[in-house]
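>>> Structure of the sequence below:
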Amino acid sequence: MKVNLIKTVDKVGKWSASRVIGKRRPLIGVFSLTHYCNYYCPMCPFGDADKEGQIKLARKNDLTTEQWKQIFDKVSKYCIWTIVEGGEPTSRPDFMELIKHLHSLNLPVTLITNCSLLNEVDLDELKKHIQFITCSIDSVFEEPYCKVRGVRPEVFRKVMNNLELLNQHKIPHYFNSVITKYNTQEFLDGSYFDKTKELGVNSVSLTFVEDRSDVNYSLLPDRKDIIKICENVLEHIKSKKYPQIMLPPDYFEQIIEHGRGVFDECGVWKSIFVNADAKVMVPCWKYTSPENSYNLLEKSVGEIWDAPQWDLAKDCHDCEVLGCVWYSSQPVTTFAKNYMRGLSKMISQEKPELEESITN
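This next block holds a predicted model:
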């Protein structure tokens with residue numbers, strides 16, 4: 001799919017004009033299509049062990065196909081890119097229909113999925129309507145993968161088979177791996193990078209787990225391991241070997257020096273995150289009281305983004321190592337540097353024959 005450059009420039013221009021007069025407006029649309037996920041990840045609220053109850057909740061509260069299309073139509077006036085996630089988005093029977101509707105609005109799509117159901121999706125058809133797939137693969141080895149994700153070994157093997165299907169269908173994809181105390185070893189000894197390359201993936205996004213505020217346990221590795229992992233990642237970046245790291249080195253350098261990511265003001269408002277029931281939490285998921293919740297079916301994007309609660313984000317630094325929040329909160333120079341690194345080229349399906357092909 002070719003991005004409509006004129007529309008993109010127009011939207012960015014309007015976004016910049018809004019910033020000049022002090023108005024916040026989103027540029028990225030993030031759609032959590034369903035409350036249901038077939039995994040049990042402890043770092044995620046969708047990892048609820050009561051899957052029967054989760055299915056009932058999804059049936060009751062998930063938006064219908066037509067309601068999601070109304071949401072997409074509203075957001076398309078503002079955003080230049082969209083991210084489709086869940087729960088597990090591919091579990092919806094109308095998943096492909098929704099993706100096609102986003103495509104019809106000239107909105108590039110990134111799909112975030114655990115990859116366990118991709119064998120049930122028409123991948124050739126999917127390829128026509130998305131830019132690339134973000135594969136949520138926290139570990140590339142069976143035992144830690146199953147521990148992190150709360151699934152059986154046969155699920156891991158199914159996911160590995162589905163990753164091979166992506167290679168066969170030449171669908172651009174990369175790994176997003178959350179580092180927790182359960183999968184530390186592969187980042188300490190570097191085996192993660194070797195195995196990822198074996199799996200045909202040229203780029204990865206790495207971030208440390210951000211502990212949930214609604215639980216009384218921590219999944220973060222200890223400080224000594226965090227520093228060592230950051231040092232290993234930085235060394236890998238310098239080596240210019242595959243897989244390439246999509247987050248800038250600044251993220252890892254700041255965690256070594258400060259124990260967390262550094263930013264002046266949280267930039268969560270740059271994305272509009274729509275829950276499966278059309279709710280938008282202002283400024284983010286950490287503020288769940290009713291007065292901070294807006295229904296996008298009932299309100300316009302402009303009305304929600306003019307809400308006074310966004311001022312809460314100015315002084316909030318609760319997210320210490322959450323990569324997406326860190327990235328959205330960085331100055332434009334950080335984005336420019338990463339663009340120059342060639343993010344789109346990183347997510348390539350053409351395997352390099354020689355390591356030197358990216359060092360020269």
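
>>> can you give me the helices in the stretch 151-300 of the chain?
With helices called from DSSP state H, counting those that start in this stretch, the stretch 151-300 of the chain shows them at 153-168, 184-188, 191-198, 223-239, 249-258.

>>> a markdown table for those helices, including mean neighbour count and distance to Lys11?
C-beta here means a position set from N, CA and C on the backbone, and glycine is covered the same way. Below are the helices of the stretch 151-300 of the chain laid out as a markdown table (neighbours: other Cβ atoms under 10 Å; distance: least, Cβ to Cβ, whole Å):
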| stretch | mean neighbour count | distance to Lys11 |
| --- | --- | --- |
| helix 153-168 | 16 | 30 |
| helix 184-188 | 18 | 38 |
| helix 191-198 | 17 | 34 |
| helix 223-239 | 16 | 32 |
| helix 249-258 | 17 | 27 |
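
>>> I'd like to know which of these is closest to Glu66.
helix 153-168 (29.7 Å; Cβ to Cβ).

>>> Could you dump the helices of the stretch 151-300 of the chain into TSV with distance to Cys115 added?
Formatted as TSV, these follow (distance: least, Cβ to Cβ, whole Å):
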stretch	distance to Cys115
helix 153-168	5
helix 184-188	18
helix 191-198	14
helix 223-239	23
helix 249-258	25
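
>>> Adding mean pLDDT, write those out as TSV.
Formatted as TSV, the helices of the stretch 151-300 of the chain follow (pLDDT from 0 to 100):
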stretch	mean pLDDT
helix 153-168	98
helix 184-188	98
helix 191-198	97
helix 223-239	97
helix 249-258	97
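
>>> quick one, which of those helices is nearest to Lys60?
For Lys60, the closest of the helices of the stretch 151-300 of the chain is helix 153-168, at 26.6 Å, according to Cβ to Cβ.

>>> Distance of Val332 relative to Cys79?
As for Val332, its distance to Cys79 is 18 Å (criterion: Cβ to Cβ, to the nearest Å).

>>> Those two - which one has more neighbours?
Under the criterion of other Cβ atoms under 10 Å, the comparison of Val332 against Cys79 puts Cys79 first, with 25 against 7.

>>> what sits against the most centrally placed residue in the chain?
Nearest residue to the geometric centre of the chain (Cα atoms, centre = their mean): Ile112, 6.2 Å. For Ile112, the contacting residues are Ile83, Val84, Glu85, Gly86, Pro89, Ile133, Thr134, Ser136, Asn176, by Cβ atoms under 8 Å, 6 or more residues apart in numbering.

>>> if I look at the second one, how far off is Ile21?
It refers to Val84. In terms of Cβ to Cβ, Val84 sits 31 Å off from Ile21.

>>> For those two, indicate the residue with more neighbours.
Between Val84 and Ile21, Val84 has the larger neighbour count (other Cβ under 10 Å), namely 26 against 6.

>>> hmm, back to that, specify the beta-bridge partners of the residue nearest to the centre of the chain.
Following DSSP bridges, Ile112 is listed with bridge partners Thr134.

>>> ok, now how distant is it from Asn176?
Taken as Cβ to Cβ, the span from Ile112 to Asn176 is 7 Å.

>>> Show me where the protein has its strands.
Using DSSP state E, the strands of the chain run over 28-32, 81-85, 109-113, 132-136, 173-179, 203-208, 244-245, 271-274, 279-281, 293-295.

>>> which one of the helices of the stretch 151-300 of the chain lies closest to Asn216?
Nearest of those (Cβ to Cβ): helix 223-239, 19.8 Å.

>>> by contact count, what packs against the closest one?
If contacts are counted by 3 or more Cβ pairs under 8 Å, 6 or more residues apart in numbering; DSSP states H and E, helix 223-239 sits against helix 184-188, strand 244-245, helix 249-258.

>>> quick one: which of the ones you listed is nearest His236?
strand 244-245 (6.6 Å).

>>> The helices of the stretch 151-300 of the chain: which one's closest to Gly267?
Short answer: helix 249-258, nearest of the helices of the stretch 151-300 of the chain by Cβ to Cβ, at 14.1 Å.

>>> about what we covered before: so what sits against both of Ile112 and Asn176?
Counting by Cβ under 8 Å, 6+ apart, the shared contacts of Ile112 and Asn176 are Thr134, Ser136.

>>> what's the distance between stretch 134-150 and the middle of its chain?
Relative to its parent chain, stretch 134-150 has a centroid offset of 16 Å by Cα atoms, centre = their mean, to the nearest Å.

>>> And stretch 286-297, by the same measure?
Distance, centroid of stretch 286-297 to centroid of chain: 21 Å (Cα atoms, centre = their mean).
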